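Enquirer: 3D, please:
(2 chains)
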Amino acid sequence: MNSIVQGVLIGGLYAMFAAGLSLIFGVMRLVNIAHGDLIVLAAYVSLLVTQSLGLDALSSLAIVVPVMAALGYALQRGMLNRTLGDDLLPSLLVTFGLSVIIQNGLLEFFTADSRRLQAGALEVASVPLGALSLGVLPLIQFAASIAIIGALELLFYRTAWGRAFRATADDPTVAQLMGLDTRHVFALAMALSLAVVAVAGIFLAIRTNFDPAIGPARLIFGFEAVIIGGLGSLWGTLAGGIVLGVAQAIGAQLDPGWQVLAGHVAFLLILALRPQGLFPKVQP
Amino acid sequence: MSPVRVVHATPASRVGVAVAMVGLVALTAAPAWVARSDLRLMAEIYSYVVLASLWNVLAGYAGLVSVGQQAYVGFGAYALFALAMLAGVHPLAALPLVGVAAAVVAVPVAALMFRLRGHYFAIGTWVVAEVFRLISAQLSVLGGGSGISLPVSIVIAMAEGRQMREFMIYWISLAMLAAVLGAIVLLLRSRHGLALTAIRDNELAARSSGVDVRQLKLAVYVACAGGTAIMGALIFLQKLRVSPDTAFSINDWTAFVIFITVIGGIGRVEGPIVGTLLFFALRQALTDLGSIYLMTLGAIAILVMLFAPRGLWGLLADRFGWQAFPLARRVQAS
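Expert: Here you go, the predicted structure:
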């Protein structure tokens, strides 16, 4: 029981990985292979910030989020916009190259040692809930996931920005004719995606040890959450993340070597039995 | 008799084929004139040409951009070790069996993965590779997570003496290279090749011209899985040791392969050959730099993709009309 609750809570983190991925796919049909490495990059940036400015882990969000968002804007404007189009190969290969560069860059600067972000007393604080004892930190992180997804939903469906995103997603050419600068809209979407990545990176860094090589696995978890949840649905990514987290928790109970494998198996089962995902909005 | 015929060869391709034939003879004789360590390097180069050529057919022609081909390299390696160690099959006799086994495994994998489109297909194949890797780490008879070496008795029984064994692996690698390139050229000259080229250029148009896109993609995926697995088996037969992390390495068997194909020229048969030569030249020059070398490779691949998406061979072919293989189609009155 306890492990299933833990699985649900970590599912929130996976949903955060997935939300950023889903967002840019929704707006510009781009899958960012470097997504996981950017999460790890955010973790290292917050490590630098906490060490050099003496901030605590959660306050470092105030710096890391804008930094990553700016990076996202620049990346999209300077490089990724050139790769968009009918042919999916350029964007895929360019983000793949980016992933290799980030991974090896981190390795060069921070070595392969595994690191962890200290969050002080918060790390061990817990609240009793019936027979269970829940960590305060995982609860904060889960609440943050819900808040982020709720905020993204609001932004998408209630604001002018969101209207621009949706218009561009539907038809970039017509959106441009209506006076939208699609290059700017795409860059904003990537900035938003990396802002979410920043939050995810910090929670990841507090929760577990990290090193430069763990990015690709985070990309895969995020991707699995997107597909399980159903393409195009933000709340679906939360459901997908939770399914993945619980599957991993159950797998880990059976045999520690089965943790990640059980998550993959859950993903493949969903793909076999319900390829459109649990809460689909668009066809896969 | 039809009044016209289709001609494949061009003057450049006649030169290309002649060079390839002479080269093949010279390379077959390489054990006589090359040091043993260089022989090993040459076999490694062949293996990358094969892996990249197969990936090129997948991604460059059939539009199946897989980042999970390490699944089949690793599958091939593990299948070979399992056949040799658990079933007592001679390793060389096991090679074709490995290919067949991988092709059989690839059918249900394709059925699942083809439900994902484009980018998501790419990451899906990566998940499959991860699943294969995690399962291989659970195989305690084959060493589990830490891997296993091929027992000395099997290695000795493979051929008479170490030298002969290395020669044999070299020749088989070369044969594999010739077979894969030959098969690709023949495939592309056939009507299926025409259909594949049509898919490369415009999938929707290909479909509306009556190409059974799904069937063709499935056939290509399965065939490439078989070929990749045999190559993987051969690579690890030379290493004599297999472990989950080396056999299913995304860097070694996918990232490098993609860089090779992109830099050389994706969607062209010559691309992977040119790319491999360039890749090994870069590796010899920069290998001491470690992670900086990999960052450089990543940056080169990005620059090529952004500014010369047809790769080095694409530039040359556009500029000079070069073509090393007889793949053109020109109609001539006969």
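Enquirer: low pLDDT regions in the chain?
Expert: I'll assume chain A. Confidence mapping of chain A against pLDDT under 70 gives the ranges A:282-284.
Enquirer: Let me rephrase: I mean chain B.
Expert: Where chain B drops to pLDDT under 70, the residues are B:1-2, B:334.
Enquirer: Check it and tell me which residue is nearest its centre.
Expert: The residue lying closest to the centre of chain B (C-alpha atoms, centre = their mean) is B:L51, at 1.8 Å.
Enquirer: The helix or strand containing that residue close to chain A?
Expert: Secondary structure from DSSP states H and E places B:L51 in helix B:36-55. No. Helix B:36-55 stays clear of chain A (C-beta under 8 Å from any C-beta of the partner chain), getting no nearer than 11.7 Å. Bear in mind the C-beta positions are built from the backbone N, C-alpha and C, glycine included.
Enquirer: cool, and stretch B:122-140?
Expert: Yes. Shown here: stretch B:122-140 in contact with chain A (C-beta under 8 Å from any C-beta) through B:A122, B:I123, B:G124, B:W126, B:V127, B:E130, B:V131, B:L134, B:I135, B:A137, B:Q138.
Enquirer: Stretch B:194-211 too?
Expert: No. Stretch B:194-211 is not in contact with chain A by C-beta under 8 Å from any C-beta; minimum separation 8.9 Å.
Enquirer: Contacts made by that stretch with the rest, please.
Expert: With contacts defined as C-beta atoms under 8 Å, 6 or more residues apart in numbering or on different chains, stretch B:194-211 is touched by B:57, B:60-63, B:187-188, B:213, B:216-217, B:220, B:267, B:329.
Enquirer: List buried residues within the residues you listed.
Expert: When the contacts of stretch B:194-211 are checked for burial by 16 or more other C-beta atoms under 10 Å in any protein chain shown, the buried set is B:V57, B:G60, B:Y61, B:A62, B:G63, B:L187, B:L188, B:V213, B:L216, B:K217, B:V220, B:G267.
Enquirer: that older thread, switch the contacts of stretch B:194-211 over to JSON lines; also include distance to chain A and secondary structure.
Expert: Listed next are the contacts of stretch B:194-211 as JSON lines, based on distance: C-beta to the nearest C-beta, whole Å; DSSP: H, G, I helix; E, B strand; the rest coil:
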{"residue": "B:V57", "distance to chain A": "14", "secondary structure": "helix"}
{"residue": "B:G60", "distance to chain A": "8", "secondary structure": "helix"}
{"residue": "B:Y61", "distance to chain A": "12", "secondary structure": "helix"}
{"residue": "B:A62", "distance to chain A": "12", "secondary structure": "coil"}
{"residue": "B:G63", "distance to chain A": "8", "secondary structure": "coil"}
{"residue": "B:L187", "distance to chain A": "21", "secondary structure": "helix"}
{"residue": "B:L188", "distance to chain A": "19", "secondary structure": "helix"}
{"residue": "B:V213", "distance to chain A": "16", "secondary structure": "helix"}
{"residue": "B:L216", "distance to chain A": "18", "secondary structure": "helix"}
{"residue": "B:K217", "distance to chain A": "15", "secondary structure": "helix"}
{"residue": "B:V220", "distance to chain A": "16", "secondary structure": "helix"}
{"residue": "B:G267", "distance to chain A": "9", "secondary structure": "coil"}
{"residue": "B:R329", "distance to chain A": "23", "secondary structure": "coil"}
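Enquirer: re earlier: mind giving me the packing neighbours of the helix or strand just after the helix holding B:L51?
Expert: Using DSSP H and E, the helix or strand that follows helix B:36-55 in sequence is helix B:70-86. Helix B:70-86 makes packing contacts with helix B:91-113, helix B:118-138, helix B:213-239, strand B:241-242, helix B:244-247 when contacts are defined by 3 or more C-beta pairs under 8 Å, 6 or more residues apart in numbering or on different chains; DSSP states H and E.
Enquirer: List just the one of these that sits closest to B:A308.
Expert: Of all those, helix B:118-138 sits nearest to B:A308, with 22.0 Å by C-beta to C-beta.
Enquirer: Could you give the separation of that closest one from the chain centroid?
Expert: 18 Å (C-alpha atoms, centre = their mean, to the nearest Å).
Enquirer: relative orientation of that helix and helix B:91-113 in degrees?
Expert: Using axes from the mean of the first three to the mean of the last three C-alpha atoms, to 10 degrees, the direction of helix B:118-138 lies 130 degrees away from that of helix B:91-113.
Enquirer: What is helix B:118-138 packed up against?
Expert: Counting by 3+ C-beta pairs under 8 Å, 6+ apart, helix B:118-138 packs on helix A:89-110, helix A:215-229, helix A:259-273, helix B:70-86, helix B:91-113, helix B:244-247.
Enquirer: Now render those helices as CSV, adding mean neighbour count.
Expert: Output for these, formatted as CSV (neighbours: other C-beta atoms under 10 Å in any protein chain shown):
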stretch, mean neighbour count
helix A:89-110, 22
helix A:215-229, 27
helix A:259-273, 19
helix B:70-86, 26
helix B:91-113, 19
helix B:244-247, 20
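Enquirer: quick one: the strand or helix carrying B:L282 near chain A?
Expert: Per DSSP H and E, B:L282 falls inside helix B:270-286. No. Using C-beta under 8 Å from any C-beta, helix B:270-286 stays clear of chain A, coming no nearer than 12.4 Å.
Enquirer: tell me what that helix is packed against?
Expert: In this structure, helix B:270-286 makes packing contacts with helix B:36-55, helix B:256-264, helix B:291-307, helix B:311-320, judged by 3+ C-beta pairs under 8 Å, 6+ apart.
Enquirer: for those, which one sits closest to A:V246?
Expert: Among the helices and strands packed on helix B:270-286, helix B:256-264 sits nearest to A:V246 (C-beta to C-beta), with 34.2 Å.
Enquirer: related to what we said a few turns ago, give me the buried stretch members for the helix holding B:L282, please.
Expert: B:E270, B:G271, B:P272, B:I273, B:V274, B:G275, B:T276, B:L277, B:L278, B:F279, B:F280, B:L282.
Enquirer: Would you point out which residue of the stretch 1-150 of chain B is nearest chain A?
Expert: In the stretch 1-150 of chain B, the residue that lies nearest chain A is B:H119 (3.3 Å; C-beta to the nearest C-beta).
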